[in-house]
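**Q** got a structure for you, letters missing:
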């Protein structure tokens, strides 16, 4: 394990604190489900777990675990982004209607 | 195989898109674009992962991704807006499960391929950590989903020694992790049981952690679990030494902590207090026991009061979501405006079961964004409001939070509806709310109780206006 990765971790964490610290409360739900979709990045790890050398004795277990993790992570990614978009589209729809009003 | 440098550049691009996406998500006008940008980042990361190795089990990856995409898309499309909190909890749980499986699968790779003893101690430690956080996130989210969708009793479930069990579990898991280091010589392929035990215990810990937390505290729990799923992805990133997992996971982890903190502040409670005290579990319930006579009112009388009001403030709560009354209340607001009243909605930060829950529901019902006011904006001028309609809210308008030091919610900022001229409370009965705390508001002289199903009574009021 490389120490540089810890460095990356620390910097990214501080960036996360800064990005979110001033968000209006009406956006809390989309923000949460949007960041929840980002946590589906595990899908990359899941894909990579199905790469490389496979030997016969461990093959079945690794394929089962890997496929399941790709499956779960993809639900998180696709579902998360689509639900967030659906919520945000309602915010913009309400906004547009108001604009027409003026 | 494509050059490693190109793959890494793609990962960096993905990380940049995530950062931009998250930043725009915090801006009302650009949030949708932000979500799209972050989705593009995900696409870039997935493509980079797919082309990074020659040998891959592409058929299994394809099966997993297609099945997952179908399930995810259907769930996202079909879910009702009122069921959004439990959906987010469920997606979150799946993310945790995926991280757990990645950790497990990597361990199995070490065991079956190559020289197990050559694997370094930190690598093994981080696998245990990944499994631990992922497992606890998974089962914790599933329990949260069960409570939110009312498949499980939503009130706090507590048993004697619960906290002791949690502490012991946590200590045991941390102990196992730490022992992995010095005992490296004894940890061999035969130590597979250690991994299995970690999986079982972390799953159990997730259940045991969330089950004592009452439904009213769910906004805090959901955002905390969201943060955990980010940390799990981050830990998985260390397992496979992948930057993009670490960056994205850390972003979600830290932003989730910020959001959790905002939620706690709006309830004037400490995080430890939310997690360990079991809100609404009966403490202090015996004190006070407000007695008094509530003043019920009929739909017709409520109509007369509203008809004469020049300013109306609507305070929604979880009950509005349960009764699916958001469209009816929007219609009522329109009628009131046509009648010449000024109408606003006051949203408490923790109203509902998820941060910002009420905003989403009212947006679905096409309530203009400008009419949604935050608690701090309405409280200073609330004395001048003629009629406040409280629909399905309880604890967030409880004046005992200001006045009664014995009350479990004493000190929590509330919307001071009792200071308005008249309050109409739509409620099914006089039963205390989710948290089981008595609400003296219901017995005030200027409060009128409009009993019945919130949707039906609101529709009744609309019908009165339409005459």
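**A** Perfect, I can see it now. Computed from a predicted structure; not experimentally measured.
**Q** Phi and psi next, for the residue nearest the centre of chain A.
**A** With distances taken as Cα atoms, centre = their mean, residue A:38 lies nearest the centre of chain A, 1.7 Å away. Per-residue torsions, residue A:38: phi -60, psi -30 (degrees, to the nearest 10).
**Q** Hmm, it is touching residue B:252, no?
**A** Yes. The criterion here is Cβ atoms under 8 Å, and residue A:38 meets it with residue B:252 at 5.2 Å. Every residue, glycine included, has its C-beta placed from N, CA and C.
**Q** shared neighbours, those two?
**A** residue B:230 (Cβ atoms under 8 Å, 6 or more residues apart in numbering or on different chains).
**Q** what about the helices in the stretch 201-350 of chain B?
**A** Along the stretch 201-350 of chain B, counting by DSSP state H, counting those that start in this stretch, helices occupy B:218-239, B:243-266, B:271-277, B:299-308, B:318-322, B:326-338.
**Q** Any idea which of those helices gets closest to chain A?
**A** Counting by Cβ to the nearest Cβ, chain A lies closest to helix B:243-266 out of the helices of the stretch 201-350 of chain B; the figure is 3.2 Å.
**Q** So what's the predicted local confidence for residue 97?
**A** Here I'm looking at chain A. In this model, residue A:97 is scored at 49, pLDDT.
**Q** Actually, chain B is the one I wanted.
**A** 96.
**Q** For it, identify the helix or strand it belongs to.
**A** helix B:84-112 (DSSP states H and E).
**Q** does chain A sit close to that helix?
**A** Yes. Counting by Cβ under 8 Å from any Cβ of the partner chain, chain A has neighbours in helix B:84-112: B:84, B:87-88, B:91-92, B:94-95, B:97-102, B:104-106, B:108-109, B:111-112.
**Q** Which helix or strand in chain B has the lowest average pLDDT?
**A** Lowest by mean pLDDT, DSSP states H and E among the helices and strands of chain B is helix B:271-277, with a mean of 71.
**Q** wait, does it contact chain A?
**A** No. Applying Cβ under 8 Å from any Cβ, one finds helix B:271-277 out of contact with chain A, separated by at least 15.6 Å.
**Q** Residue B:202 touches residue B:174, doesn't it?
**A** No. Applying Cβ under 8 Å as the test, residue B:202 and residue B:174 come out as separate, 11.2 Å apart.
**Q** And the two? Which one has more around it.
**A** Neighbour count, other Cβ atoms under 10 Å in any protein chain shown: between residue B:202 and residue B:174, residue B:202 has more, with 27 against 13.
**Q** Return the residues in contact with the more buried one.
**A** B:100, B:131-136, B:139, B:173.
**Q** Tabulate these (TSV), appending secondary structure, distance to residue A:20 and pLDDT.
**A** Formatted as TSV, the contacts of residue B:202 follow (DSSP: H, G, I helix; E, B strand; the rest coil; distance: Cβ to Cβ, whole Å; pLDDT from 0 to 100):
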residue	secondary structure	distance to residue A:20	pLDDT
B:100	helix	26	95
B:131	helix	27	92
B:132	helix	25	90
B:133	helix	20	92
B:134	helix	23	95
B:135	helix	26	94
B:136	helix	23	93
B:139	helix	26	95
B:173	helix	29	73
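**Q** Filter these down to the buried ones, ChimeraX style.
**A** Filtering the contacts of residue B:202 down to the buried ones (16 or more other Cβ atoms under 10 Å in any protein chain shown) takes a single ChimeraX command:
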select /B:100,131,132,133,134,135,136,139,173
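**Q** can you redo the contacts of residue B:202 as CSV with distance to residue B:209?
**A** Formatted as CSV, the contacts of residue B:202 follow (distance: Cβ to Cβ, whole Å):
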residue, distance to residue B:209
B:100, 16
B:131, 16
B:132, 12
B:133, 12
B:134, 14
B:135, 11
B:136, 7
B:139, 9
B:173, 12
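**Q** Which one of the contacts of residue B:202 is nearest to residue B:438?
**A** Closest to residue B:438 out of those is residue B:139 (33.9 Å), distances taken as Cβ to Cβ.
**Q** Leaving out the residues flanking it, which one is nearest to that closest one?
**A** residue B:206 (3.3 Å; Cβ to Cβ, 6 or more residues apart in numbering or on different chains).
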